[in-house]
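Engineer: below: sequence and its predicted model.
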Amino acid sequence: MPPAALETLLTGLPVVVRSDSDPLPDGWVALHQLTRDPVGFAEFADGTRQALVALGGADLVDHDLDRSARSLSVLRIAGGLVMPTLAIRAAGGSLRLDPADTWVTGAREGLLLSVPPGDVLPGGSPDCADLEVLLRGHLTDLVTTAASRSLSSAALWGNVASVVNSSANLLGARHPDLGAAGRDLADQALGLPQLAGRWLRTDGGGFRRTTCCLAFSWAAGLGEPAPCGDCVQRH
């Protein structure tokens with residue numbers, strides 16, 4: 001992948017390539033503090049919880065609101081990791097996400113990444129190796145950290161499967177020239193053991209997850225109980 005083309009692609013992704021000498025800015029943390037540290041994840045989830053309350057979810061009982069916030073936090077974090085990894089791979093490049101050298105901050109729209117220049121590479125083979133590394137590493141850590149007695153790992157892996165599928169859809173909509181490659185990578189990733197049983201194909205060839213992300217329960221508190229488009233509750 002030509003460096004200029006990679007730079008153009010990065011302008012539309014939630015990834016900042018920083019200088020090696022840049023200090024860690026206020027409000028940013030190392031990636032492992034979200035994926036491996038229960039305290040760091042809880043702080044991120046509390047930010048999600050506050051956003052849900054601000055949007056009108058205060059009438060939910062604390063138990064349901066906390067479950068929704070933890071689940072949607074996994075969606076937000078996974079989306080911030082999967083989308084750029086998939087997009088850069090589809091374009092022929094490679095993104096490495098070192099747990100200590102990758103910095104993250106949570107914006108209302110999702111997760112923003114900051115990586116050193118050596119972690120965005122212009123070359124790479126056209127398979128889902130980067131996504132597989134992400135699933136076996138950061139996302140396994142994230143699901144393990146976020147899961148609790150009231151929030152199963154099966155539902156959280158369903159969130160990850162949903163993110164993989166929707167990232168391919170979004171990439172195809174924003175960059176039609178990368179749509180086919182992105183879809184092929186996503187389908188390869190959806191076939192990996194971590195996501196087995198977390199989704200299925202509908203009769204029409206669409207994607208349906210086998211669990212609910214719990215946005216349904218939060219939206220129900222707003223009088224808008226429509227489930228997500230790929231939710232098991234819609235079918």
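Structural biologist: Sure, I can see it. On a predicted model such as this, the values are computed, not experimentally measured, just so you know.

Engineer: from memory L113 sits against L97, does it?
Structural biologist: Yes - contact criterion Cβ atoms under 8 Å: L113 and L97 qualify, at 7.4 Å. For glycine as for every other residue, the C-beta is placed from the backbone atoms N, C-alpha and C.

Engineer: return every residue with contacts to both of those two.
Structural biologist: Common neighbours of L113 and L97 (criterion: Cβ atoms under 8 Å, 6 or more residues apart in numbering): 31, 81.

Engineer: comparing those two, which residue is more hemmed in?
Structural biologist: L113 (24 against 21; other Cβ atoms under 10 Å).

Engineer: buried ones in the helix or strand harbouring the more buried one?
Structural biologist: In this structure, L113 sits in strand 110-115 according to DSSP states H and E. Residues 111-115 are the ones in strand 110-115 that count as buried (16 or more other Cβ atoms under 10 Å).

Engineer: point out where the protein drops to low pLDDT.
Structural biologist: 1-6, 56-63, 107-109, 124-126, 149, 216-227, 229-235 (pLDDT under 70).

Engineer: can you pull out the helices in the protein?
Structural biologist: Secondary structure of the chain by DSSP state H: the helices cover 3-10, 32-35, 38-52, 62-90, 129-134, 140-146, 153-174, 179-190, 215-220.

Engineer: residues in contact with the closest residue to L139 other than its chain neighbours?
Structural biologist: Nearest residue to L139, sequence neighbours excluded (Cβ to Cβ, 6 or more residues apart in numbering): V160, at 5.5 Å. Counting by Cβ under 8 Å, 6+ apart, V160 makes contact with 74, 78, 82, 135, 139, 143, 194-195, 198.

Engineer: any chance of CSV for those, columns distance to C213?
Structural biologist: What follows is the contacts of V160, written out as CSV (distance: Cβ to Cβ, whole Å):
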residue, distance to C213
V74, 8
A78, 11
V82, 15
L135, 18
L139, 15
V143, 13
Q194, 17
L195, 15
R198, 11
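
Engineer: which one of these is nearest G182?
Structural biologist: Within the contacts of V160, distances to G182 taken as Cβ to Cβ reach their minimum at V82, with 10.9 Å.

Engineer: what about the closest residue to Q188 other than its chain neighbours, how many residues nearby?
Structural biologist: With sequence-adjacent residues excluded and distances taken as Cβ to Cβ, 6+ apart, Q188 is closest to C128, at 3.9 Å. C128 has 23 neighbours, counted by other Cβ under 10 Å.
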